[in-house]
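S.K.: kindly return the folded structure for what I paste below:
(chains A and B)
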Amino acid sequence: MSERLELLRLVRSRRPLLALAALLLFLVLMLVGFWSYAQARSGGAATFEYTYENKSYFNGLTFALYAFFFGFVLLLPLFAALEGGAQLAGDTGSGTLTLLLVRPVSKTRLFFGKLAVAFGWTTLLTALFVAAALLLGLFAVGWGDLRLYPGVLQSAPRPQFLPRDVALQRFALAWLAASLALLAPLSLSFWIATFTRSAVNAVGAAVALYLVAHVISEVHFFEALRPWLFTWHATAWRALFREEIAWRELAHHAAALLGQSALFLALAFRRFRRREEP
Amino acid sequence: MNRSARLVELALWLIAALAFFGARALDPARRAVEGDAAKWWPAKRPERSLRVVTWNVGGSDGGQPHSLRADDLDAVARTLLVLDPDLVLLQEFLYPRDFDALRARFDVGAGWVRAAGDVAIVARRGQFVGGSSQGGLALAEWQFEGRSFAIAGLHASAWSARARRGEIGRAAESLLAITADFHLLGGDLNLDIDRRGDLLSNDPQRDAEIYNWLAERLVDAGAGSGPTAEPDRRLDYLFVSNALERLAARPWKGRRHGTMDHDPLVVDLRIR
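M.R.: Down below sits the predicted model:
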């Protein structure tokens, strides 16, 4: 009952519409960027599909992978953080949480009901984003085999080739792995949301912390800190787009993400269950 | 109710602890370092292997780059004696001063091919059957154990990705135009494909492009072996024909002397 109510409130909040609109706008801008890239770099001499490495390199799958990677790093964690702020801090600030607790429902049920709805929505949003990127790539450019090269996405130490059908299977796996990775910023936002009654403050703090962790994990001077930052493990799903998947390496990153998510959730739940509601 | 909430919280702590232990046990970097340290020692080389070393023996003193210094020669020669390579690609190595000094300390056997500037190819075994220089590029034809090798030694531009791309591309084209059983291209290419290069290159996209163009033609034998230069960049490369099997590849740490700023990259190969 509690979960159904949370789901209904999520749909009525229009946050899903906002997230979907933002992701669609991002995809369209990415497509425009890809169209103009070759022209700008070659002074108009090259076509959309041209790159230095291989004239048939660029296709709808390449576009979908690039779009998904940058969307995953820069946008999806923000929507995950938004859920924590809205679900816990927002409800606390508006008094909804107090009203909910008047009913015979435990804090444990309420907390994990909110978490389940937020995680379910984040997973669905990730699936919709992957599907939209693939479909846009299909209709705008056309699919083909996936060729990846070292350097730009830092996804492979040597050139990789995946036939189209294999690449599509890897996108499905990447969706699952990326969804697990988004549990960490979601859990962090739940924890932060237990400290404040303002959804804006909770979301702002969670987003700021995410960005700090992301920047630190990307700048190689701070290499020693990387194992402790979920942002470093979060993009490990890129390894799924190698010809031979290093499952052990992926399991390492998945375990690290699960550990950090569980840590944030334990801290969030501890504070949530102990605090006095107004 | 309170008790069940406590149990749920405890379960979360347990999951976190188990996951952290699992992540640590599965950490590929930790396992690789421990495993390789036990197995790899540069004085031991696999039987019937070809050992190639590429080393920029210059350095930087107070921000000013310099070529090999007389004070560092003994250390360089000692390292090469321990490594006992068949082939050495040297950069920041000036002719004739450095060559004569090195020859007094290290048996160069088959001789050397040098390029204008600071690049040299030195062979301890086998035999050079041809050599030429194109600007800063040294090209050599070398016979070793009855097989023919074409070798390019290069020190690419440090400051311009555009110039680097041209130098590396021309070197590879010149190398691959030589008919030989195997091709090797090595040296200080001054690009770092392992890092997000925005802070360290004026055009990381260009660096990625030329690396990938080269990697489609030859195999990066030092891939995944770690940084070779200050501060922690992989700038030194050895690209080889696919028919050469990579047995081991590693920068040998701790062999810099004075203000030298590169480690020697040691690669053991075997003909498939």
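
S.K.: B:Glu141 pairs with what?
M.R.: B:Gly130, B:Ala150 (DSSP bridges).

S.K.: distance-wise, check it relative to B:Gln127.
M.R.: 10 Å (C-beta to C-beta, to the nearest Å). For glycine as for every other residue, the C-beta is placed from the backbone atoms N, C-alpha and C.

S.K.: neighbour count winner among the two?
M.R.: Just comparing B:Glu141 and B:Gln127: by other C-beta atoms under 10 Å in any protein chain shown the higher neighbour count belongs to B:Glu141, 18 against 12.

S.K.: isn't that one right up against B:Phe128?
M.R.: Yes. Here B:Glu141 lies in contact with B:Phe128, judged by C-beta atoms under 8 Å, at a distance of 7.0 Å.

S.K.: for the stretch 51-200 of chain B, what spans make up the helices?
M.R.: B:73-83, B:97-105, B:161-176 (DSSP state H, counting those that start in this stretch).

S.K.: the longest helix in the chain is where?
M.R.: You didn't say which chain, so I picked chain A. Identified as the longest helix of chain A according to DSSP state H is helix A:107-140.

S.K.: I was thinking of chain B, sorry if that wasn't clear
M.R.: Assignment by DSSP H; longest helix in chain B turns out to be helix B:2-26.

S.K.: so where is the chain shaky, pLDDT-wise?
M.R.: This is for chain A. Scanning chain A for pLDDT under 70 picks out A:1, A:38-57, A:151-157, A:277-278.

S.K.: correction: the question concerned chain B.
M.R.: In chain B the weaker segments, taking pLDDT under 70 as the threshold, are B:1, B:30-40, B:110, B:115-116, B:195-202, B:231.

S.K.: how many neighbours does B:Leu228 have?
M.R.: Actually, residue B:228 is Thr rather than Leu. Neighbour tally, B:Thr228, other C-beta under 10 Å: 26.

S.K.: what of A:Leu7?
M.R.: 15.

S.K.: I'd say it and A:Val117 touch.
M.R.: Yes. Contact criterion C-beta under 8 Å: A:Leu7 and A:Val117 qualify, at 5.4 Å.

S.K.: residues from the stretch 151-272 of chain B in reach of chain A?
M.R.: Residues of the stretch 151-272 of chain B lying near chain A by C-beta under 8 Å from any C-beta of the partner chain: B:193-196, B:199, B:204-205, B:207-213, B:215-216, B:219-220, B:223-224, B:231-232.

S.K.: chain B contacts on chain A?
M.R.: A:51-54, A:106-108, A:112, A:149-152, A:154, A:157-159, A:218-221, A:223, A:227, A:246, A:248-249, A:251-253, A:255-256, A:258-260, A:262-263, A:265-266, A:269-270, A:273.

S.K.: sorry, back to before: columns distance to A:Leu176 on top of the helices of the stretch 51-200 of chain B, output as JSON lines?
M.R.: Compiled in JSON lines, these are given as follows (distance: least, C-beta to C-beta, whole Å):
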{"stretch": "helix B:73-83", "distance to A:Leu176": "47"}
{"stretch": "helix B:97-105", "distance to A:Leu176": "57"}
{"stretch": "helix B:161-176", "distance to A:Leu176": "38"}
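
S.K.: make JSON lines out of the ones you listed and add mean neighbour count.
M.R.: Formatted as JSON lines, the helices of the stretch 51-200 of chain B follow (neighbours: other C-beta atoms under 10 Å in any protein chain shown):
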{"stretch": "helix B:73-83", "mean neighbour count": "18"}
{"stretch": "helix B:97-105", "mean neighbour count": "16"}
{"stretch": "helix B:161-176", "mean neighbour count": "19"}
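
S.K.: out of these, which gets nearest to A:Gly142?
M.R.: With C-beta to C-beta as the measure, helix B:161-176 is the member of the helices of the stretch 51-200 of chain B nearest A:Gly142 (29.6 Å).

S.K.: for that closest one, name the packing helices and strands.
M.R.: If you count contacts as 3 or more C-beta pairs under 8 Å, 6 or more residues apart in numbering or on different chains; DSSP states H and E, helix B:161-176 packs onto strand B:137-144, strand B:147-155, strand B:182-188, helix B:204-215.

S.K.: and those: which comes nearest A:Val32?
M.R.: helix B:204-215 (18.4 Å).

S.K.: figure out how far the following helix or strand past the closest one is from the centre of its chain.
M.R.: Once the chain leaves helix B:204-215, the next helix or strand it forms, by DSSP states H and E, is strand B:219-220. Remark: strand B:219-220 is offset 11 Å from the chain centroid, using C-alpha atoms, centre = their mean, to the nearest Å.

S.K.: same deal with stretch A:254-269?
M.R.: On C-alpha atoms, centre = their mean, the centre of stretch A:254-269 falls 16 Å from the chain's centre.

S.K.: in it, which residues are buried?
M.R.: A:254-269 (16 or more other C-beta atoms under 10 Å in any protein chain shown).

S.K.: list of residues touching that stretch?
M.R.: For stretch A:254-269, contacts defined as C-beta atoms under 8 Å, 6 or more residues apart in numbering or on different chains pick out A:88, A:108, A:111, A:115, A:177, A:180-181, A:183-184, A:186-188, A:190-191, A:193-194, A:227, A:230, A:233-234, A:236, B:5, B:8-9, B:12-13, B:15-20, B:22-23, B:26.

S.K.: packing partners for the longest helix of chain A?
M.R.: Going by 3+ C-beta pairs under 8 Å, 6+ apart, helix A:107-140 lies up against helix A:2-12, helix A:15-42, helix A:60-74, helix A:76-84, helix A:96-102, helix A:164-193, helix A:247-274, helix B:2-26.
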